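Colleague: quick one: sequence plus predicted model below, questions after.
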Amino acid sequence: MTEKTVTDQTTFSWLASWRVYVQPASLRMLFLGFAAGLPLLLVLGTLSFRLREAGIDRSTIGYLSWVGLAYGFKWVWAPLVDRMPIPFLTHRLGRRRSWLLLAQAMVMLGLVGMALSDPSQTLGPVVWCALLVAVGSATQDIALDAFRIESAEPTQQAALAASYQTGYRLAMIWAGAGVLWVAAWVQGENASGYMHAAWQTAYLVMAASMCVGVITVLRSREPKPAELPPAKNVSEWLQGALIEPFADFLKRYKWQAALILSLIAVYRISDVVMGIMANPFYVDMGYTKAEVASVTKVYGVIMTLLGAFVGGVMAMRWGVMRILMLGALLSALSNLLFAWLAGHGHDVHALIAVISADNLASGIASAAFIAYLSSLTNIQYSATQYALLSSMMLLLPKFIAGFSGDFVNAHGYADFFNATAMLGMPVLILVALAWHFQPPPEDPGVEFNKH
């Protein structure tokens, strides 16, 4: 979606812009976004809190974050999700919904396994179950991104992205604050120590929470599938499923593809790298599970809602690229607040301010970024192309994040948070270049907008 395409929508009234959020498509995306956001922290952020409480060292926690690289390689099996039917399910539910249900079942099974495993005794089962959750979650993302893109016109993608992001962020708060609150409630007065039974209950509650996504999928309609030419043989099927989606992207954007992919590869680098050490930071600063849960649950929810909805509306009114730039700047600056908190010491009021600012920045940046990625895809290859783009977003940040524990051990939290803020500076340059070199409306690179 080009800047002109978005800014031409200024004929919409502000009231009409906000009403889009109560339409059925937006509400469905809110609940499906919740199902998509729930697993992420349970295998990365919240898991790091649990592991740190269980006595696992920071370096090991950093390396275990590489489980999240499953999200970075989801483009490998995205063509299967895009084209391959699932026996029995696809005939009854359709291509997108059948894959969504299969992926959600994998996530729920993995979360139950993580609940039953005790990392203080052995890490192996926790890691394997976390990997199952990550693969299932990544598969769900592939199918859901295609479902979202195929469910509405291009002019509505920013609103659907905001609704999706709101559900996603609410789920992350439930998987972050909610799981801590449940664990603290089960543990009772001794909430500052490690208790396997408390974490076991919390993860079982999270597994049950995935039913939100399951029910939504079952009550949703399958979007009209894109017309795909029948394949005469296996070679032709592989050509259409594996090669053509990538070739189409390069053909449409030509030399600009390198610039676009570079921007996507680093846009969320500040948030992703910093996020791995956020929960160990809270533990080491002396914050209890109940304190972190209370602050994140109340202030995180409010600021996430505000950031996602405002980001979506601003993107529709003023253009995706402007808000993409604003989100990149705010994301980097919010990390400096964590550096300040590291020197300030244990202070719940300061934690409220820092978490509020971080959630606001992340909500704005994510809403704009999802809309931007959606605008780059050709609906004929929506699942594969979106998986490629969103995978690019995670590969480099997740790899670097694996060394975050070593960096904190060597230099401390304050220097770590300052360094993650500096990682965001090249992003501003790449946003400016991508904005300047956008293809004009008549260019084939905006083919998505014709569907």
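Modeller: Perfect, I can see it now. Numbers count the residues shown, from 1 in each chain.
Colleague: tell me how far stretch 335-349 is from the chain's mean position?
Modeller: 25 Å (C-alpha atoms, centre = their mean, to the nearest Å).
Colleague: buried stuff in that stretch?
Modeller: Across stretch 335-349, burial judged by 16 or more other C-beta atoms under 10 Å covers 335-339, 341-342. In short, each C-beta sits where N, CA and C put it, glycine included.
Colleague: just the closest of the residues you listed to A350, please.
Modeller: Taking C-beta to C-beta as the measure, L341 is the one of those closest to A350, at 5.6 Å.
Colleague: so that closest one makes contact with V354?
Modeller: Yes - when contacts are counted by C-beta atoms under 8 Å, L341 is listed as touching V354 (5.1 Å).
Colleague: so where's the stretch 51-200 of the chain uncertain?
Modeller: 152-159, 189-192 (pLDDT under 70).
Colleague: the helices in the stretch 301-450 of the chain, which residues?
Modeller: If DSSP state H, counting those that start in this stretch is used as the criterion, the helices of the stretch 301-450 of the chain fall at 301-318, 320-344, 348-375, 382-401, 404-411, 413-423, 425-436.
Colleague: want to throw those helices into CSV with distance to V266 and mean pLDDT?
Modeller: Output for the helices of the stretch 301-450 of the chain, formatted as CSV (distance: least, C-beta to C-beta, whole Å; pLDDT from 0 to 100):
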stretch, distance to V266, mean pLDDT
helix 301-318, 19, 77
helix 320-344, 9, 90
helix 348-375, 12, 85
helix 382-401, 6, 78
helix 404-411, 16, 91
helix 413-423, 8, 93
helix 425-436, 5, 89
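Colleague: closest to L261 out of those helices?
Modeller: Among those, the nearest to L261 by C-beta to C-beta is helix 382-401 (5.7 Å).
Colleague: buried set for that closest one?
Modeller: Neighbour-count burial for helix 382-401 [16+ other C-beta under 10 Å]: 382-398, 400-401.
Colleague: repeat for stretch 99-119
Modeller: Those buried within stretch 99-119 under the rule 16+ other C-beta under 10 Å are 99-104, 106-108, 110-115, 117-119.
Colleague: kindly provide the distance from R322 to T201.
Modeller: Distance of R322 to T201, given as C-beta to C-beta, to the nearest Å: 45 Å.
Colleague: cool, and M210?
Modeller: In terms of C-beta to C-beta, M210 sits 16 Å off from T201.
Colleague: pick out whichever of the two has more residues nearby.
Modeller: M210 (22 against 18; other C-beta atoms under 10 Å).
Colleague: is it true that the more buried one touches A36?
Modeller: No - with contact defined as C-beta under 8 Å, M210 and A36 do not form a contacting pair (10.3 Å).
Colleague: Three-state assignment for L42, please.
Modeller: Under DSSP: H, G, I helix; E, B strand; the rest coil, the three-state class of L42 is helix.
Colleague: neighbours around it, how many?
Modeller: Other residues near L42 come to 30 when the count uses other C-beta under 10 Å.
Colleague: so what's it up against?
Modeller: Neighbouring residues of L42 by C-beta atoms under 8 Å, 6 or more residues apart in numbering: 111, 114, 133, 175, 179, 203, 206.
Colleague: helix, strand or coil for the fifth one?
Modeller: Here V179 is helix, with the state taken from three-state DSSP.
Colleague: would CSV of the buried residues of stretch 335-349 with distance to V310 be doable?
Modeller: CSV is the format used below for the buried residues of stretch 335-349 (distance: C-beta to C-beta, whole Å):
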residue, distance to V310
N335, 21
L336, 22
L337, 19
F338, 22
A339, 26
L341, 25
A342, 29
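Colleague: which other residues reach stretch 210-218?
Modeller: Contacts of stretch 210-218 (C-beta under 8 Å, 6+ apart): 28, 31-32, 34-36, 38-39, 93, 97, 100-101, 104, 107-108, 111, 140.
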